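> Structure, please.
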Amino acid sequence: MDIVDEIINSLEFKFFSKKISHTIMLVSKDNFYSLEFAKVLASFIIDGKVDKNSENYKKIMLLSHPDVKYYPSKEKLLVGDSEEIVSESFVKPIFANKKVFIIKNIDNSMESAQNKLLKTLEEPSAEVYLILTCANQELVLPTIKSRCTIRELAKISEDQIVKFLTSSDKSTLVSKICDGELGEAIRLSKKENLEEIVQFSLDLLIKMKSSKQVLSFSKIAQKYSDDIDLILKIMCLIIEDMINFKAGNKQIKLVMFKEQIEKASFEYSIKALCMINRKINQLQKEIFYNVGIIVAFENFLLNILEVKYLCK
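Numbers count the residues shown, from 1 in each chain. Presented below is the predicted three-dimensional model:
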C-alpha cells in the first residue's frame, strides 16, 4: 500500500482539497499517519495538487523543503518555537510562492506556547499556511481550535495495514493489534518477540489458576516491563473475543489463537470478563500516572483470580 495514495483517496483529504484552509488541525492518535497526512497537504498547498514527480513534492517528503517548516524542535512546542514561527511567518518563501508550518502534537505543548501562536493563526498572511496535529483536542486551547479547520483522521483498515506491511510475516497479527494506527503497526511489525508477548497475554488468562503462580508470572512480566501497555491492550482484545464467543458470535478477531481463546472462554463468565476489562482500564490509568508498574501488575493478577473466583 502506498501511504500517499491512501491519504489522497481519503474523505478527509478530499474535504481539504475542495477548499484549503490557512489554519488546519488534524486529529489522530497515530502520530506517524498525521505527519504523513500533513506532508501530503503541504504538497497540495504548494503545488495546487499532489504531483509525485514535482521537486516540491520530493523535497517535502524528504523533510528538506525550505518553505515547509516543522515544529517543535524537541519533544514539545515551547515559547521559543512559537516566537520563531511568528517571526518566520513574515519571511517570504524561498523556493515556492507559499509557506507551510507543520506543528506536531500541539496538544503536548505548553499553554504559553499555544497563546503565542494565536495572532498568527487568526490572521496568517496570504502565502502562509499552518497545519497542526494533535491526539487529544481537549488539551488544546479553545482559542486555538476556534481558529482552525478541524478534521479527525479515520483509522486505517486491517486489510490496508496488511497491504502496507507486505514485507512482514507478522502483518496479519499486527493488523489485529494496532487498532488502525499505521505508526503503531510499523512499530509492532519490527518487534521480534510480538508472538511471544501475545502468548504471554493469553497465558495470564488461561494458565494462571492460583495465587501461588502470581509471583512466577510477575517475574516473566518484568522481562516485558517496557511492553506492559501492549500486554494490557492484547488482553483487552482477547477478552473481547472471549465475550463474543460466549455470546454466540463466532467472529474471533485474533483468529490465529482461536482454539486457545475458545478454550479459555469456558473458564470465565461474561460478568467476570467485563470486570477484568475494568481492572485493565484501571491499571492503564495507574501506569499513565507512573505508579510502580510491577507492584501494580502483581495486584492486577491477584484481581484477575479474585474476579474469576467470585464470578463463577
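> Can you dump the C-alpha atoms of the helix or strand containing Leu237 in PDB for me?
Taking DSSP states H and E as the criterion, Leu237 maps to helix 228-246. Provided in PDB are the C-alpha atoms of helix 228-246 (Å, rounded to 0.1, in the frame of the first residue of the first chain):
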ATOM      1  CA  ILE A 228       3.000  -3.800  29.800                       C
ATOM      2  CA  ASP A 229       0.800  -1.400  27.900                       C
ATOM      3  CA  LEU A 230       0.900  -3.700  24.900                       C
ATOM      4  CA  ILE A 231       0.100  -6.700  27.100                       C
ATOM      5  CA  LEU A 232      -2.900  -5.000  28.500                       C
ATOM      6  CA  LYS A 233      -4.000  -3.900  25.000                       C
ATOM      7  CA  ILE A 234      -3.800  -7.500  23.800                       C
ATOM      8  CA  MET A 235      -5.600  -8.800  26.900                       C
ATOM      9  CA  CYS A 236      -8.500  -6.500  26.000                       C
ATOM     10  CA  LEU A 237      -8.600  -7.900  22.500                       C
ATOM     11  CA  ILE A 238      -8.600 -11.500  23.900                       C
ATOM     12  CA  ILE A 239     -11.400 -10.700  26.400                       C
ATOM     13  CA  GLU A 240     -13.400  -9.100  23.600                       C
ATOM     14  CA  ASP A 241     -13.100 -12.300  21.600                       C
ATOM     15  CA  MET A 242     -14.000 -14.400  24.600                       C
ATOM     16  CA  ILE A 243     -17.100 -12.300  25.300                       C
ATOM     17  CA  ASN A 244     -18.100 -12.600  21.600                       C
ATOM     18  CA  PHE A 245     -17.600 -16.400  21.700                       C
ATOM     19  CA  LYS A 246     -19.700 -16.700  24.900                       C
END
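> in the helix or strand just after that helix, what's buried?
Next along the chain after helix 228-246, taking DSSP H and E as the criterion, comes helix 258-265. Judged by neighbour count using 16 or more other Cβ atoms under 10 Å, the buried positions of helix 258-265 are Gln260, Ile261, Ala264, Ser265. C-beta: built from backbone N, CA, C; applies to glycine.
> which helices and strands sit right next to helix 258-265?
For helix 258-265, the elements it packs on are helix 194-206, helix 228-246, judged by 3 or more Cβ pairs under 8 Å, 6 or more residues apart in numbering; DSSP states H and E.
> which stretch among those helices comes nearest Leu302?
Closest to Leu302 of the helices and strands packed on helix 258-265, according to Cβ to Cβ: helix 194-206, at 11.9 Å.
> From the contact counts, what lies against that closest one?
Contacts defined by 3+ Cβ pairs under 8 Å, 6+ apart place helix 194-206 against helix 171-177, helix 214-223, helix 228-246, helix 258-265, helix 293-310.
> for the stretch 151-300 of the chain, which spans come out with low pLDDT?
Along the stretch 151-300 of the chain, the parts satisfying pLDDT under 70 run over 167, 289-291.
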